[in-house]
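Fold the following and give me the result.
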Amino acid sequence: MTEKYLHEPECAGCRYNRQVMERLKNERISEREIEALSDVFKVFGDGTRLKILWALFDRELCVFDISEKLGMSQSAISHQLRTLKQARLVKARREGKNTFYSLDDEHVKRIIEQVMIHVEEEIQ
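Got it, this is the predicted structure:
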């Protein structure tokens with residue numbers, strides 16, 4: 001982001017939280033916040049977990065469907081889903097005997113979208 005962009009009074013398409021942006025510009029980040037951010041990035045740093053997040057990007061799936069889609073065992077998927085749930089990147093919904101997983105909220109979707117935009121710019 002350029003300095004000019006940060007100082008513009010209004011941006012019709014801007015989805016950034018202005019309070020967070022002001023903190024980023026003017027305050028030091030606490031060690032606790034650094035640790036929390038680092039933990040989230042570590043979770044995103046695993047290829048299998050990224051594949052699961054991608055599979056859940058715009059749909060809700062059960063462990064069986066995810067394992068079929070990714071060609072992995074259900075136990076391997078369950079293990080990774082546990083990590084993703086602990087990081088609050090996915091959520092679970094029970095329906096009878098089945099549990100369905102989806103992205104936890106729109107923030108997770110935006111993170112994936114923004115990183116994908118960045119990666120595509122680098123590849124081209």
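
Shouldn't Arg93 be within a strand?
Yes - judged by DSSP: H, G, I helix; E, B strand; the rest coil, Arg93 forms part of a strand.

what about it, neighbour count?
Residues lying near Arg93 (other C-beta atoms under 10 Å) number 11. To be clear about C-beta, it is placed using only N, CA and C from the backbone, and glycine gets the same treatment.

quick one, what contacts it?
Glu60, Thr99, Phe100, Tyr101, Ser102 (C-beta atoms under 8 Å, 6 or more residues apart in numbering).

any weak-confidence spans in the protein?
For the chain, the stretches with pLDDT under 70 are 1-16.

so where do the strands sit in it?
Here the chain has its strands, by DSSP state E, at 61-62, 90-95, 98-103.

How far off centre is the shortest one?
It refers to strand 61-62. 17 Å (C-alpha atoms, centre = their mean, to the nearest Å).

And for stretch 66-82?
The chain centroid and the centroid of stretch 66-82 are separated by 18 Å under C-alpha atoms, centre = their mean.

Now do the end-to-end distance for it.
14 Å (C-alpha to C-alpha, to the nearest Å).

Which residues does that stretch contact?
Applying C-beta under 8 Å, 6+ apart, the set of residues contacting stretch 66-82 is 46, 48-49, 51-52, 55-56, 61, 63-64, 90, 92, 101.

Mind doing that once more with 7 Å?
Identification of contacts with stretch 66-82 by C-beta atoms under 7 Å, 6 or more residues apart in numbering yields Thr48, Arg49, Lys51, Ile52, Ala55, Val63, Phe64, Val90, Tyr101.

for it, which positions count as buried?
Ile66, Ser67, Leu70, Ile77, Gln80, Leu81 (16 or more other C-beta atoms under 10 Å).

ok, the second one to Ser102 distance?
The gap separating Ser67 from Ser102 is 16 Å, by C-beta to C-beta, to the nearest Å.

sorry, back to before: which one of the contacts of stretch 66-82 sits closest to Glu120?
Lys51 (17.3 Å; C-beta to C-beta).
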